[in-house]
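# Model the following, please.
(one chain, ligands or ions: 2)
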Amino acid sequence: MGNYAKAVQVLQKQLMEAIVETLGLNFGNLHNEIEGNQLMAINCYPPCPEPDLALGMPPHSDYGTLTILHQSGPGLQLQDNKKNWLSVPFVEGALIVQLEDQMEVMSNGKYKSVVHQVTLNAENKRLSIASLQSLPLNKKIGPAPELVDEQHPASYDEFSFRDFLDYISSNNIADRRFIDSIKKSA
Ligand SMILES: O=C(O)CCC(=O)C(=O)O
Ligand SMILES: [Fe+2]
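Ligands and ions are numbered 1, 2, ... in the order given. Down below sits the predicted model:
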């Protein structure tokens, strides 16, 4: 597990470098700011006798920059921009990379954080290992200044991982996602 966590950290850094480049930003300048936290979540979903009546994990988006997910079987679903749920095909050994809230904010909305949920299965247990990468606990992130101008005003307030934790301790994210609470109204 330790080796897996370290390998995923290296992959996450490489992916961040590539993604930051696609936004036209300089990774060299951002590098120290971006390196932060890695949280490993191991999720176990036992078989459910009535899988249509329950979810393994309710709809949410993760708070960080990237989530890298390894799954033992199908169950993950993503929401498209018309709010339809799409099942992610299961490919043995494949890693799933999801962009998350800090990336949406940093890109000033150019990239969207993915809303996902987990369905259950009547026969099979499912395991997943999610590596949630984020900026350090107290580091505020806002839209990158290079992506903000008169035509593209900042669409989000700054936030830190701590702000996210404060939000979820007193709000139900099923009613309103954290990222919706920091969107500036047009
Ligand atoms: O089990 C999965 O496929 C997803 C887990 C997840 O969304 C999470 O840990 O945030
Ligand atoms: Fe998640």
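# only C-alpha atoms for contact and neighbour calcs from this point on.
OK.
# what's around E35, how many residues?
16 (other Cα atoms under 10 Å).
# With Y167 instead?
Neighbour tally, Y167, other Cα under 10 Å: 15.
# ok, the nearest residue to it once chain neighbours are set aside - contacts?
Using Cα to Cα, 6 or more residues apart in numbering and skipping the chain neighbours, the partner closest in space to Y167 is F178 (6.8 Å). Counting by Cα atoms under 8 Å, 6 or more residues apart in numbering, F178 touches 164, 167-168.
# Got phi/psi on L120?
The phi/psi pair for L120 (degrees, to the nearest 10) reads phi -110, psi 170.
# Surely L66 is in contact with E104?
No: here L66 does not reach E104: they are 10.3 Å apart, not a contact under Cα atoms under 8 Å.
# Am I right that E17 sits in a helix?
Yes: per DSSP: H, G, I helix; E, B strand; the rest coil, E17 lies within a helix segment.
# Wait, it touches L25, no?
No: in this structure, E17 is not within contact of L25 by Cα under 8 Å, at 9.5 Å.
# ok so, going back, roughly how far apart are the residue nearest to Y167 and Q151?
Between F178 and Q151 the computed distance is 25 Å (Cα to Cα, to the nearest Å).
# same thing with Y63?
27 Å.
# Which one of the contacts of F178 is nearest to Q77?
I168 (22.1 Å; Cα to Cα).
# Next up, identify which helix or strand the closest one is on.
helix 161-170 (DSSP states H and E).
# residues in contact with that helix?
Contacts for helix 161-170 (Cα under 8 Å, 6+ apart): 63-64, 134-140, 178.
# how about the residue nearest to Y167, phi and psi?
phi -50, psi -50.
# residue contacts, L135?
Neighbours of L135 in contact, by Cα under 8 Å, 6+ apart: 33-37, 64-65, 160-161.
# Spit out the contact partners of the nearest residue to it once chain neighbours are set aside.
Counting by Cα to Cα, 6+ apart, G36 is the residue found nearest to L135 once chain neighbours are left out, at 4.3 Å. Residues near G36 by Cα under 8 Å, 6+ apart: 133-137.
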